[in-house]
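The following comprises the amino acid sequence and a computationally predicted model.
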Amino acid sequence: MTSDLPIRVSDHGISRENLDKNALDVINQLNEHGYDAYLVGGCVRDLLCGMTPKDFDVATNAKPEEVREIFRRSRLVGRRFPIAHVRYGRDIIEVSTFRQVEHDQIETSDSGLIVKDHAFGDMADDAFRRDFTVNALYFDVQNAEIIDYVGGIEDVENRRLRFIGDPVDRLAEDPVRLLRAMRFAAKLDFEIDPVIFDHEDDVADYLEAIPGARLFDEFLKLFLTGHAAPVWEQLRDTPLVRSLFPTCNPESELVLAAMRNTDERIANDQPVTPGFLIAVLLWDDFQTRVAEQNPDNKPGPMFELAMDTFAVQQQHLSMPRRFTMFAREVWSLQDRLETRQQRNITRLLHHKRFRAAFDFLVLRGREDKKLKEIGQWWEDIQTKDQAGQKKMIDALPQGKGGNRRRRRKRRRSNNRSNPNAQPAQGYESAQFPSDSVTMHNGYDEYR
Ligand code: ATP
Ligand code: MG
């Protein structure tokens, strides 16, 4: 380290009003107990860029157990390294202890991947173990100064994402960092140091060793935080897309349209769910299986074919069951929405996945005239009162089995609903999969 580091900058344009009061409370209390504590990482970076941070993280020289002692409403999380989560109502402040970059307490696998990392250090050590220079800035609340050990302020000014240290080593330690680079580049409109892409083939291989649950967390951040389309456009041109979604066609227009649609929903404060994107990403593979193994669209085998589709994907990125089931239901409704049998319409309109299945149909219909018309019909019927709906239903041409009497079993179906009820508005509760990730949007409903 050279003697002119760290740089301390007080002319940064960040005012105290922009800081989160809970994070300030955490810092105050740690200070009162004699510890150092700073805002760090994404919040400092975002504030410097004039953006509103989605969360505020704190770094301190207090050990995780010491943080735990001070804050009653805290718990330690993380296997790779313990971090304290301090809870303020629904808000969580993450408090991490200064860590070192290289130490014999850090276990690495043969490829250099960090397996376990419990080695504590001071603030300088902590700065150098972080991924990008712009993510390693500390905000000293007492002196209202930014502390920069790695040239991060200059990189923010030049809108540049650069690894701290040698990109080859940093990517071998943790290949997820390349996904993070794409995410930050999309979010901040920064340029990724081109040297990073020289190693994308290796990174694609390394990703195979990353636990599927961690990749699912990253999947959420990549595609459900408002920048899915630019991330996807970047990702699909790299070999990483094959490691993450081996059966998805990177050129799929449906996927890109769904990514854009997801971004729009987030921008409009509408809820989003990973289940919908899973349905989109795996749709082609599911359709191929159906065409090969169940060309007559018999409902019975569809479940198995959906499960086969998920099984291949699960080997790469683990998807909680509630989201795969969500995708399966959206798929299974497509055929019913397309055929529009008179006797099914009211029930479909009240189906708990109607809204999602309808959105999916509309996306599929962008390039298909017939599907587009059907989508428009479903759009129209939702705007009608009961009499108007009946008129539209009666006007439907009756195809095969249109007025067939329902079998008894069918009548007892869970989906049968009160015909006077309002059309289904939302996706049924899909809880957030991991409270270690704070997202722009919950997934509890979808309208
Ligand atoms: P955002 O919260 O906006 O997604 P962030 O930069 O805060 O961005 P987090 O995932 O919350 O990202 O991580 C907080 C900080 O922890 C980062 O800014 C970075 O300094 C450090 N960090 C996170 N993940 C890694 C990693 N894989 N390797 C090195 N440092 C990391
Ligand atoms: Mg963060």
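Thanks, I have it. Ligands and ions are numbered 1, 2, ... in the order given.

can you pull the contacts of the residue lying closest to Gly151 once chain neighbours are set aside?
Of all residues not flanking Gly151 in the chain, Thr133 sits nearest, at 5.3 Å (CB to CB, 6 or more residues apart in numbering). Quick note: C-beta positions are derived from backbone N, CA and C, even for glycine. Shown in contact with Thr133 (CB atoms under 8 Å, 6 or more residues apart in numbering): Val150, Gly151, Gly152, Asp155, Arg162, Phe163, Ile164.

so what pLDDT did the last one get?
Right, the one you point to is Ile164. pLDDT, Ile164: 97.

For it, give me its contacts.
By CB under 8 Å, 6+ apart, the neighbours of Ile164 are Ala127, Phe128, Arg130, Asp131, Phe132, Thr133, Ala136, Val150, Arg170.

same question, the third one
Contact criterion CB under 8 Å, 6+ apart gives Arg45, Phe132, Thr133, Val134, Asn135, Ala136, Leu137 as the residues in contact with Gly152.

So which residues on the stretch 51-200 of the chain come close to ligand 2?
Residues of the stretch 51-200 of the chain that fall close to ligand 2, judged by CB under 5 Å from the ion: Asp55.

Going through the contacts of Ile164, which ones are buried?
Listed as buried from the contacts of Ile164 are Ala127, Phe128, Arg130, Asp131, Phe132, Thr133, Ala136, Val150, Arg170; burial here means 16 or more other CB atoms under 10 Å.

what are the phi and psi values for the last one?
Right, Arg170. The phi/psi pair for Arg170 (degrees, to the nearest 10) reads phi -70, psi -30.

I'd say it and Arg129 touch.
No - contact status for Arg170 versus Arg129: not in contact, 9.9 Å apart, counting by CB atoms under 8 Å.

Check the gap between whatever residue of the stretch 251-400 of the chain ends up closest to ligand 1 and Val272 for me.
Scanning the stretch 251-400 of the chain for the residue nearest ligand 1 gives Ile266, at 14.0 Å (criterion: CB to the nearest ligand atom). Look at Ile266 and Val272: by CB to CB, to the nearest Å, they are 6 Å apart.

higher neighbour count, the two?
Neighbour count, other CB atoms under 10 Å: between Ile266 and Val272, Val272 has more, with 26 against 19.

what about the more buried one, is that helix, strand or coil?
At Val272 the chain is in coil, as set by DSSP: H, G, I helix; E, B strand; the rest coil.

Any buried residues in whatever helix or strand Ala306 lives in, and which?
Using DSSP states H and E, Ala306 sits within helix 299-314. For helix 299-314, burial by neighbour count (16+ other CB under 10 Å) applies to Met302, Leu305, Ala306, Thr309, Phe310, Gln313.

and the helix or strand hosting Leu348, C-alpha only, in PDB?
Assessed by DSSP H and E, Leu348 sits inside helix 345-349. The C-alpha trace of helix 345-349 is given here as PDB (Å, rounded to 0.1, in the frame of the first residue of the first chain):
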ATOM      1  CA  ILE A 345     -64.100 -19.100 -19.500                       C
ATOM      2  CA  THR A 346     -65.600 -18.000 -16.200                       C
ATOM      3  CA  ARG A 347     -63.600 -20.500 -14.300                       C
ATOM      4  CA  LEU A 348     -60.400 -19.400 -16.100                       C
ATOM      5  CA  LEU A 349     -61.100 -15.700 -15.300                       C
END
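
show me where the stretch 251-400 of the chain has helices.
Taking DSSP state H, counting those that start in this stretch, the helices of the stretch 251-400 of the chain run over residues 253-267, 274-281, 283-293, 299-314, 321-339, 345-349, 354-364, 369-382, 386-394.

and those, which is most packed in?
Mean neighbour counts were taken over the helices of the stretch 251-400 of the chain using mean count of other CB atoms under 10 Å, and the top value, a mean of 26, falls to helix 274-281.

Taking the stretch 101-250 of the chain, what residue is nearest to ligand 2?
Asn135 (8.8 Å; CB to the ion).

Pick out the residue closest to the middle of this protein.
Leu220 (1.3 Å; CA atoms, centre = their mean).

how close does that residue get to Ala213?
Using CB to CB, Leu220 is found at 11 Å from Ala213.

again with Ser109
Per CB to CB, Ser109 is found 18 Å from Ala213.

How about Asn294?
Look at Asn294 and Ala213: by CB to CB, they are 31 Å apart.

Does the residue of the stretch 101-250 of the chain closest to ligand 2 touch Leu48 like I think?
No - look at Asn135 against Leu48 with CB under 8 Å: they stay out of range, at 11.3 Å.

Excluding residues flanking it in the chain, which one is nearest Val280?
Nearest non-adjacent residue to Val280, counting by CB to CB, 6+ apart: Ala258, 4.1 Å away.

isn't the one you found right up against Leu277?
Yes - with contacts counted by CB under 8 Å, Ala258 reaches Leu277, the gap being 6.4 Å.

The residue of the chain found nearest ligand 1: what's it in contact with?
In the chain, the residue that lies nearest ligand 1 is Gly42 (2.2 Å; CB to the nearest ligand atom). Applying CB under 8 Å, 6+ apart, we find Gly42 in contact with Pro53, Lys54, Asp55, Asp57, Asn135.

one more time with 10 Å
Gly42 is in contact with Met51, Pro53, Lys54, Asp55, Phe56, Asp57, Val134, Asn135, Leu137, Phe184, Lys187, Leu188, counting by CB atoms under 10 Å, 6 or more residues apart in numbering.

swap in Asp193?
Phe132, Thr133, Asp155, Arg160, Leu161, Arg162, Phe163, Pro167, Ala181, Ala185.

ok, the first one touching Leu178?
No - if you go by CB atoms under 10 Å, Phe132 and Leu178 don't touch, sitting 11.2 Å apart.

what's the overlap in contacts for those two?
Shared contacts of Phe132 and Leu178, counting by CB under 10 Å, 6+ apart, come down to Phe163, Arg170, Ile192, Ile196.
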